[in-house]
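*Asks:* I'll drop the sequence and a predicted model, then ask my questions.
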Amino acid sequence: MSGGRIEVLAPDGIGEVAAGADLVALLVDAFPDLADGDVVVVTSKIVSKADGRTTPGTREDLLAGQTVRVVARRGPTTIVENRLGLVMAAAGIDNSNVEAGQVVLLPHDPDASARALRTGLLATTGHNVAVVVTDTAGRAWRQGQTDLAIGAAGFVVLDDHAGRVDSYGNPLAVTAPALADEVAGAADLAQGKLARRPVAVVRGLAAHVLGADDDGPGARSLRRPLADDMFALGAREAVVAALAGESAEAFGAPAPAADLVAALARVGVTGAADGERVRLAGEAGPEARAVAHAHGWVSDRDVPAVLQPHLP
């Protein structure tokens, strides 16, 4: 009986990775039977260690230098967008599996690291493989963490189904499996968090491995643009930003006038759509301005009782 099957191999015995380590040689030793179409999965931790990204300090000491934008804070936890454009707790700075008093920063450019490993493996083994560099992150909607791809080369990272139809003839408009993230999660099941298995090979996905001369768009292409991110700010942070008139890009494109009118009514402000504007019963007060800002609208400078879509 035919069916789908993948296989994940994560060997023991890798040992500590020091600065300057030859990761290509490490991978060749770990997988002597590497074959065309394999997906080689490497944790960002050993990429960073090999690149000398281990440094003295704490996550708190180094957080500011790795932060582009604070997304949310809750007690000791700070979620930020880091310099790679990834949204992570503590910017992805890690103090696990490292000597006390040390932390590990993420690689400078995980996609470039994946490309270098892929090129090195092709030159050494003659086999065309894909490479995925992984790290662990939480999810906005669910408890716990899973591994995801922060770097990739030679792999179809996103399988966009737009334009296809299902077996019932229904068009698929938004289905787009994040294949690189799924590979990262599958590999993590075999690697484990405490087993010291930082590398894995996933087999059975050769159809998604690109040609040797095509590294693909990398994991960078999986990052959601800020304007499309419905969780660009935490709940508390969004309230403050709306009242302060800050972070307009985090609230996305202007909402339809009808949505704004309904939201204004919820805070006791009367408004009515008037073409491409919303006219208020009186001058826009703090509540109206905050709700408007959160919906991508602003007060008309010349007519304070009129709201209009914010233009960049």
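*Replies:* Right, received. Where do you want to start? Residues are numbered from 1 along each chain as shown.

*Asks:* where's Leu307, which helix or strand?
*Replies:* Element membership for Leu307 (DSSP states H and E) is strand 306-309.

*Asks:* With Val80 instead?
*Replies:* In this assignment (DSSP H and E), Val80 forms part of strand 77-82.

*Asks:* what does that strand rub up against?
*Replies:* With C-beta atoms under 8 Å, 6 or more residues apart in numbering as the test, strand 77-82 has contacts from 63, 66-73, 87-92, 106, 234. C-beta coordinates here come from the backbone N, C-alpha and C atoms, glycine included.

*Asks:* Among the residues you listed, name the buried ones.
*Replies:* 63, 66-67, 69, 71-72, 87-92, 106, 234 (16 or more other C-beta atoms under 10 Å).

*Asks:* coming back round to it: please flag which of the contacts of strand 77-82 sit within strands.
*Replies:* 67-73, 87-89 (DSSP state E).

*Asks:* Glu182 belongs to a strand?
*Replies:* No - read with DSSP: H, G, I helix; E, B strand; the rest coil, Glu182 is helix and lies in no strand.

*Asks:* And the strands in the stretch 51-200 of the chain?
*Replies:* Per DSSP state E, counting those that start in this stretch, the stretch 51-200 of the chain has strands spanning 54-56, 67-74, 77-82, 87-89, 102-104, 130-139, 142-153, 199-203. These are given in chain order.

*Asks:* closest to Glu249 out of the ones you listed?
*Replies:* Closest approach to Glu249 among the strands of the stretch 51-200 of the chain (C-beta to C-beta): strand 67-74, 9.9 Å.

*Asks:* so how far is the closest one from its chain's centroid?
*Replies:* Distance, stretch centre to chain centre, for strand 67-74: 14 Å (C-alpha atoms, centre = their mean, to the nearest Å).

*Asks:* by contact count, what packs against it?
*Replies:* Contact partners of strand 67-74 among helices and strands, from 3 or more C-beta pairs under 8 Å, 6 or more residues apart in numbering; DSSP states H and E: strand 77-82, helix 235-244.

*Asks:* Pro11 - how many residues pack around it?
*Replies:* 14 (other C-beta atoms under 10 Å).

*Asks:* pLDDT score for Leu194?
*Replies:* Looking at Leu194, its pLDDT reads 85.

*Asks:* same thing with Pro312?
*Replies:* Model confidence at Pro312 (pLDDT) stands at 65.

*Asks:* Check Met1 too.
*Replies:* Met1 is assigned 53 on the pLDDT scale.

*Asks:* any idea how far Arg59 lies from Gln143?
*Replies:* 21 Å (C-beta to C-beta, to the nearest Å).

*Asks:* These two: who's more crowded?
*Replies:* Arg59 (17 against 6).

*Asks:* Isn't that one up against Gly92?
*Replies:* No - between Arg59 and Gly92 there is no contact under C-beta atoms under 8 Å: 9.6 Å.

*Asks:* circling back to that earlier point, now the strand holding Leu307: how far from the chain's centre is it?
*Replies:* Distance, centroid of strand 306-309 to centroid of chain: 33 Å (C-alpha atoms, centre = their mean).

*Asks:* Show the residue spans covered by the helices in the stretch 151-300 of the chain.
*Replies:* For the stretch 151-300 of the chain, helices defined by DSSP state H, counting those that start in this stretch occupy the ranges 179-191, 235-244, 257-266, 286-294.

*Asks:* Deepest in the core, which of those helices is it.
*Replies:* Among the helices of the stretch 151-300 of the chain, the stretch with the highest mean neighbour count (mean count of other C-beta atoms under 10 Å) is helix 179-191, at a mean of 22.

*Asks:* could I get the ones in strands among the contacts of strand 77-82 as a markdown table with pLDDT and distance to Ala294?
*Replies:* Putting these into a markdown table (pLDDT from 0 to 100; distance: C-beta to C-beta, whole Å) gives the following:
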| residue | pLDDT | distance to Ala294 |
| --- | --- | --- |
| Thr67 | 97 | 23 |
| Val68 | 96 | 22 |
| Arg69 | 95 | 17 |
| Val70 | 96 | 18 |
| Val71 | 97 | 16 |
| Ala72 | 97 | 16 |
| Arg73 | 96 | 19 |
| Val87 | 97 | 20 |
| Met88 | 96 | 25 |
| Ala89 | 96 | 25 |
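
*Asks:* Of these, just say which sits nearest to Asp228.
*Replies:* The closest of the ones in strands among the contacts of strand 77-82, once distances to Asp228 are taken by C-beta to C-beta, is Val87, at 12.8 Å.

*Asks:* re earlier: now the helices of the stretch 151-300 of the chain as CSV including mean pLDDT?
*Replies:* Below are the helices of the stretch 151-300 of the chain laid out as CSV (pLDDT from 0 to 100):
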stretch, mean pLDDT
helix 179-191, 98
helix 235-244, 96
helix 257-266, 97
helix 286-294, 95
